[in-house]
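1. one predicted model, sequence on top.
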Amino acid sequence: MAMTEVLGQAAVVLRTADGAEATVLLHGAHVVSWRPAGLPEQLYLSPRAQAGPGQAVRGGIPVIFPQFERRGPLPRHGFARDRAWTLVEHGPQRQHTQAVLSLTDTDATRAVWPHAFEAELTVSLSGRALEMELAVLNTGDRAFEFTAALHTYLRCDDVREARVSGLLGGDFEDSLRGTTHRQEIEPQAIVGEIDRIYWNVVSPVVLQAPQRRVSISAEGFPDRVLWNPGAEKAAAMADLPDDDWLQMLCIETACIGRPVPLAAGQEWFARQTLQA
Ligand SMILES: O=P(O)(O)OC[C@H]1O[C@H](O)[C@H](O)[C@@H](O)[C@@H]1O
């Protein structure tokens, strides 16, 4: 465990005895790099990514809280990803190591979302697994609801050769068209722009890319999002090089369909495990 600087921000580097490594920015509690033991980088991070107050990093694993996308009054994807979190704990370098980061409400968050909360992200690294647990505590005296996601950008050599499985038979919303469908084919190929929310997924979702394979399983996050901007939208994004949509696929674990209700004093947690 060591501190470093990435994108001009303080970051904690987790390393295990068998050579796995992960880097977590304090800005957004954002995992920007994950190299499982004996394997290359598994996450996509844009070479044009920027990090600083109010900025969301393009790539890695943004923490989306307390609102997914534009499904509420807040700016897209809420505010947790563009704020400084505090490093509260980090473990020694063994077979397994972890870091815990926390975000609490401030005048600025209460101005846009009038609730008292503590969010805690625990990032645990071991061998070929990266586990992330998001916990939210209602520290106020009134109930609130939120949606959340771990918005993982997985690295692909060419997304058009990638295949996604684990979604067969599931219902999804096509966010590009506002239509609903059932997944009838397996595996799913990615030919260009895609933006879908799959509801109540129980099986691990597996990306075969094709030189790499990552499985994503989750507890407490019922929904999954598949997102790639495709060529046209990528070209319009200032923080993504035109051709880099080919090198990424977002597979997000999320709580979107049913916002999480939290009474005063109540705590919620959910986790995802990436396994390479
Ligand atoms: O550009 P951002 O605010 O980071 O959002 C990036 C993407 O996130 C999610 O995957 C949504 O489903 C997409 O509709 C959105 O475009």
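-> Perfect, thanks for sending it.

2. in the stretch 51-200 of the chain, which spans are helices?
-> 107-112 (DSSP state H, counting those that start in this stretch).

3. for it, which residues are neighbours of the ligand?
-> Contact residues (Cβ under 6 Å from any ligand atom) of the stretch 51-200 of the chain with the ligand: 56, 69, 76-77, 175, 195. Where you see a C-beta, it was placed from the backbone N, CA and C, and this is true even at glycine.

4. as JSON lines, the residues you listed with pLDDT and neighbour count would be great.
-> Shown next, in JSON lines, are those (pLDDT from 0 to 100; neighbours: other Cβ atoms under 10 Å):
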{"residue": "Ala56", "pLDDT": "97", "neighbour count": "21"}
{"residue": "Glu69", "pLDDT": "97", "neighbour count": "19"}
{"residue": "Arg76", "pLDDT": "95", "neighbour count": "12"}
{"residue": "His77", "pLDDT": "97", "neighbour count": "23"}
{"residue": "Ser175", "pLDDT": "98", "neighbour count": "15"}
{"residue": "Asp195", "pLDDT": "98", "neighbour count": "18"}
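
5. widest-spaced pair of these?
-> When Cβ to Cβ is used, the two most widely separated members of those are Ala56 and Ser175, lying 18.2 Å apart.

6. mean confidence for stretch 20-39?
-> Averaged over stretch 20-39, pLDDT sits at 98.

7. beta partners for Val123?
-> Ala99, Met132 (DSSP bridges).

8. look at it and say how many residues are nearby.
-> 23 (other Cβ atoms under 10 Å).

9. do I have it right that it meets Leu25?
-> No. Taking contacts as Cβ atoms under 8 Å, Val123 lies outside contact range of Leu25: 11.0 Å.

10. quick check: neighbours shared by these two?
-> The contact sets of Val123 and Leu25 overlap at Val31 (Cβ atoms under 8 Å, 6 or more residues apart in numbering).

11. skip the chain neighbours and tell me the closest residue to whichever residue of the stretch 151-276 of the chain sits closest to the ligand.
-> Residue of the stretch 151-276 of the chain nearest the ligand, by Cβ to the nearest ligand atom: Trp227 (3.3 Å). With sequence-adjacent residues excluded and distances taken as Cβ to Cβ, 6 or more residues apart in numbering, Trp227 is closest to Cys250, at 4.1 Å.

12. which helix or strand contains the residue of the stretch 151-276 of the chain closest to the ligand?
-> Assessed by DSSP states H and E, Trp227 sits inside strand 223-228.

13. show me how far that strand is from its chain's centre.
-> 10 Å (Cα atoms, centre = their mean, to the nearest Å).

14. in this protein, which strand is the longest?
-> Counting residues, the longest strand found in the chain (DSSP state E) is strand 248-262.

15. which helices and strands sit right next to it?
-> Applying 3 or more Cβ pairs under 8 Å, 6 or more residues apart in numbering; DSSP states H and E, we find strand 248-262 packed against strand 129-138, strand 144-155, strand 194-198, strand 205-208, strand 213-219, strand 223-228, strand 267-275.
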